[in-house]
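Visitor: Here is a sequence with its predicted model. Questions after.
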Amino acid sequence: MARMTIRHLDGDAFSVDIRQHRLFVDQRTGTGAERGPTPVELFVASLAGCAAYYAHRYLLEQGWPDEKLTVECDWLMRAGTPHAVGSVRLRVTTPGPIPATLRHGLLSAIDACTVQNSIRPPLPAVSVELADGTADPISVQDILHHQANAV
């Protein structure tokens, strides 16, 4: 299993260590003192970045230029709770017109993006374990199981 480590810095800022890379996530403050994008912005950026990568690879495999390939991304939060991204729109701009014979393949390649596949059913299993220095680590699943049996 791959691993990354997230550490609190100060305020609402965290460092994210992934392999040899260090990123920063923060919350919007309105003061301009932010250290990085919000976690939600980073999530949406990972979707757009993955789509850009898959488009790039497809164009290269087809012998088509990709040097001016861009992906613009608009997104909205879902209303209410729980807080979640409600919609994402990707606009892929190619270096020039794509022949009709390649358009379907390009869209199919973008649709095969690993990040997008990860938010489609079956959804990935996410487990959370609390390691607070006590002898018995506890997970969210343990709490939910206990609550279900107490009813």
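Guide: That came in fine, so what should we check first? Being a predicted model, the structure only gives us computed values, none of them experimental.

Visitor: so when I look at residue 92, I'm seeing a strand, right?
Guide: Yes - counting by DSSP: H, G, I helix; E, B strand; the rest coil, residue 92 falls inside a strand.

Visitor: What residues does it make contact with?
Guide: Residues near residue 92 by CB atoms under 8 Å, 6 or more residues apart in numbering: 51-52, 55, 69-71, 106, 110. The way it works is simple: take the backbone N, C-alpha and C, and place the C-beta from them, glycine included.

Visitor: Counting neighbours, which of those end up buried?
Guide: Those of the contacts of residue 92 that meet the buried threshold are 51-52, 55, 69, 71, 106, 110, by 16 or more other CB atoms under 10 Å.

Visitor: returning to what we had before: so can I have CSV of the contacts of residue 92 showing pLDDT?
Guide: Listed next are those as CSV, based on pLDDT from 0 to 100:
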residue, pLDDT
51, 98
52, 97
55, 96
69, 95
70, 97
71, 97
106, 96
110, 97
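
Visitor: now, which of the residues you listed sits nearest residue 150?
Guide: Comparing the contacts of residue 92 against residue 150 with CB to CB places residue 51 closest, at 44.3 Å.

Visitor: from memory residue 98 sits against residue 107, does it?
Guide: No - using CB atoms under 8 Å, residue 98 is not in contact with residue 107; the gap is 9.7 Å.
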